Every structure is written in structure tokens, then in C-alpha cells.
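K.L.:
Got a sequence here, can you build the structure:
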Amino acid sequence: MAQAPGVRAAIGLGELPVVRQATFSLWESQQAMQDYAYRSEKHKQVIKLTRQENWYGEELFARFRVVRTEGTWDGRAL
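P.N.:
As a prediction, this is how the structure comes out:
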């Protein structure tokens with residue numbers, strides 16, 4: 001995901017890092033986020049695995065509008 005077109009920053013979160021992660025990501029636009037989420041073959045495969053292997057007891061998908069930024073993420077201004 002970190003190299004996907006339009007992603008500004010992404011980190012993995014989870015109890016089993018590397019194997020079963022959730023993500024937090026910042027995108028340049030809603031369109032870039034949707035292109036990755038709904039058109040990326042790699043992302044489609046991960047979603048399929050989460051369903052097949054019942055990775056999560058709960059799921060949450062939330063979108064927030066950034067109103068202000070300050071500082072950097074991995075040395076890049078956001």
C-alpha cells in the first residue's frame with residue numbers, strides 16, 4: 001500500500017503484525033483511495049483472505065477530512 005499511487009502515508013496496525021494487519025493511511029484524494037480499495041488486485045486478494053480466514057471479530061472503516069497538518073511523516077511534509 002505504501003507505494004500505491006496517491007498514498008501520502010500508511011502504517012500497519014495489529015496484534016499479529018505482518019500476518020494480519022489493519023492499516024491507517026492518508027491519501028491525496030478520495031479517488032486515489034477508492035482506486036486502491038476497489039481496483040487494486042493485491043487489495044482484493046487481501047480482502048478475500050480476511051473473509052476466508054475470519055481475521056477480524058469486528059471491522060471499522062472510517063473516513064476523515066484533514067483540516068490541518070503540522071510537521072512531517074517519514075521526513076515528508078504532509
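K.L.:
list the buried ones in stretch 40-59?
P.N.:
Buried residues in stretch 40-59, counting neighbours by 16 or more other Cβ atoms under 10 Å, are found at W55. (Glycine included, C-beta is placed from N, CA and C.)
K.L.:
who does the helix or strand hosting Q45 touch, helix- and strand-wise?
P.N.:
Using DSSP states H and E, Q45 sits in helix 41-52. Of the remaining helices and strands, none touches helix 41-52 by 3 or more Cβ pairs under 8 Å, 6 or more residues apart in numbering; DSSP states H and E.
K.L.:
Quick check: next helix or strand after the top strand by length along the chain?
P.N.:
Counting residues, the longest strand found in the chain (DSSP state E) is strand 7-16. From strand 7-16 onward toward the C-terminus, using DSSP H and E, the following helix or strand is strand 20-27.
K.L.:
That next one pairs with which strands, and in what direction?
P.N.:
In the sheet containing strand 20-27, its partner strands are strand 7-16 (antiparallel), by DSSP bridges.
K.L.:
List the buried residues of the strand it pairs with.
P.N.:
In terms of neighbour count (16+ other Cβ under 10 Å), strand 7-16 has its buried residues at 7-8, 10.
K.L.:
Now do the end-to-end distance for stretch 66-77.
P.N.:
By Cα to Cα, to the nearest Å, the extent of stretch 66-77 from end to end equals 14 Å.
K.L.:
List the beta-bridge partners for the nearest residue to W73 once chain neighbours are set aside.
P.N.:
Among residues not flanking W73 along the chain, A9 sits closest, at 4.4 Å (Cβ to Cβ, 6 or more residues apart in numbering). Going by DSSP bridges, A9 is paired in beta bridges with L26.
K.L.:
quick one, what contacts A9?
P.N.:
By Cβ atoms under 8 Å, 6 or more residues apart in numbering, A9 lies in contact with 25-26, 73-74, 76, 78.
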